[in-house]
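Enquirer: Kindly return the folded structure for what I paste below:
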Amino acid sequence: MQWQRGDYTISTDPALLDYAAIVAGLHQTYWAAERDPALIIRSVEHSLCFGVYHGQQQIGLARVITDYAVFAYIDDVYILAEYRGQGLGKWLVQSMLAHPELQGLRRWLLATRNAQGLYAQVGFGPLASAEPWMEIFNQQS
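Expert: Take a look at the predicted model:
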């Protein structure tokens, strides 16, 4: 799938992914600054990725971890700092939600420390009930 807006493209074509740019971009985030590059690459290879490009340069990414039937988790969403403020992040999330293979899912989840406003604009809200949810959290990953 591909979406175009002016000089910007969002694509799910894995052949376009620039792994060096992705590692560098994620190392600028609060959640993946210390993540091992090999782990970043493995996570990208096993996700439905939405690359954001300005011309040929990769400037952003989002990963969807999904079974394509009932569940999707959005992870590692970033736009490089110099490209923020142009609505690219919102467009990226809207593109993920519009992907034809992800229609009709029962639940979309994500976690964010500082972008609740962005996600609220496209329909996300707090968990209706966190009580049934459980986790094993590994700080090293």
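Enquirer: Give me the three-state assignment for the nearest residue to Ile79 once chain neighbours are set aside.
Expert: In space, and not counting its chain neighbours, Ile79 is closest to Gly60: 4.0 Å by Cβ to Cβ, 6 or more residues apart in numbering. All C-beta atoms are positioned from the backbone trio N, CA, C, and that covers glycine. Judged by DSSP: H, G, I helix; E, B strand; the rest coil, the three-state class of Gly60 is strand.
Enquirer: can you pull up the bridge partners for Gly60?
Expert: Listed beta-bridge partners, Gly60: Val52, Ile79 (assigned using DSSP bridges).
Enquirer: contacting residues for Thr66?
Expert: Taking Cβ atoms under 8 Å, 6 or more residues apart in numbering, we find Thr66 in contact with 48, 72-73, 102, 105.
Enquirer: cool, and Tyr8?
Expert: So, once contact is read as Cβ under 8 Å, 6+ apart, Tyr8 ends up touching 52-54, 88, 91.
Enquirer: how does it look with 7 Å?
Expert: Contacts for Tyr8 (Cβ atoms under 7 Å, 6 or more residues apart in numbering) come out as 52-54, 88.
Enquirer: Excluding sequence neighbours, find me the nearest residue to the residue nearest to the spatial centre of the chain.
Expert: Nearest to the geometric centre of the chain sits Ala62, at 2.0 Å (Cα atoms, centre = their mean). Distances taken as Cβ to Cβ, 6+ apart place Val77 nearest to Ala62, at 4.2 Å, with adjacent residues excluded.
Enquirer: Report the contact partners of the one you found.
Expert: Contact analysis of Val77 by Cβ under 7 Å, 6+ apart lists 62, 89, 92.
Enquirer: I'm done for today, thanks for sticking with me.
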